[in-house]
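Student: Test case, fold it:
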Amino acid sequence: MPIIHFHLAEDTASADQERRLLIAASRLYAEVLQCPMDRVRAFVVPYARTRCAVAGVMLDDGGADAPYFEFLVLEGRPLETRQRLLTGFTDLVADILGVEKGLIRGHCKRVQPEEWCIGGRMAQDLRKADIERFSQAGTA
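Tutor: From the prediction side, this is the model:
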């Protein structure tokens, strides 16, 4: 389920910066959620500068670069975990892209497990199987 999208105006980050951001965000996601890395997906969604405005000023007219990110977690994750991801992703954008933190916006979207599938299987069923597997491993 761990999926993050970084919405960036074109030419506001180099290919190397985008690469570093995606890798660092993937690592943060896996660490905070304590999930396998193979579940994590990270994307940069580029927008033409002519299609971005910040505070009513188009970027191609000198508007500020103000990235936005959004990420998904299954319902049931604690508030502390969600907030750690919000601040962690903000820090990564600021550090890697050199953007002032006050300009960065982020959003956590919670998804009900019965409304998410992985490989065609409902997340609620996979979650039950994970819980059973972990409880059996603890008793073995």
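
Student: Low-confidence stretches in this structure?
Tutor: Along the chain, segments meeting pLDDT under 70 span 129-131, 133-135, 137-140.

Student: give the contact list for residue 87.
Tutor: By CB atoms under 8 Å, 6 or more residues apart in numbering, the contact set of residue 87 is empty. In this view, the C-beta of every residue, glycine as well, is placed from N, C-alpha and C.

Student: Confirm that it sits in a helix.
Tutor: Yes. With DSSP: H, G, I helix; E, B strand; the rest coil as the criterion, residue 87 is part of a helix.

Student: That one and residue 53: what is the separation?
Tutor: Relative to residue 53, residue 87 is positioned 26 Å away (CB to CB, to the nearest Å).

Student: Which stretches in this protein count as strands?
Tutor: Along the chain, the stretches classed as strands by DSSP state E are 3-9, 41-47, 53-54, 57-58, 68-74, 105-111, 117-118, 121-122.

Student: Next, format these as CSV and append mean neighbour count.
Tutor: Output for the strands of the chain, formatted as CSV (neighbours: other CB atoms under 10 Å):
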stretch, mean neighbour count
strand 3-9, 20
strand 41-47, 16
strand 53-54, 14
strand 57-58, 12
strand 68-74, 19
strand 105-111, 13
strand 117-118, 13
strand 121-122, 12
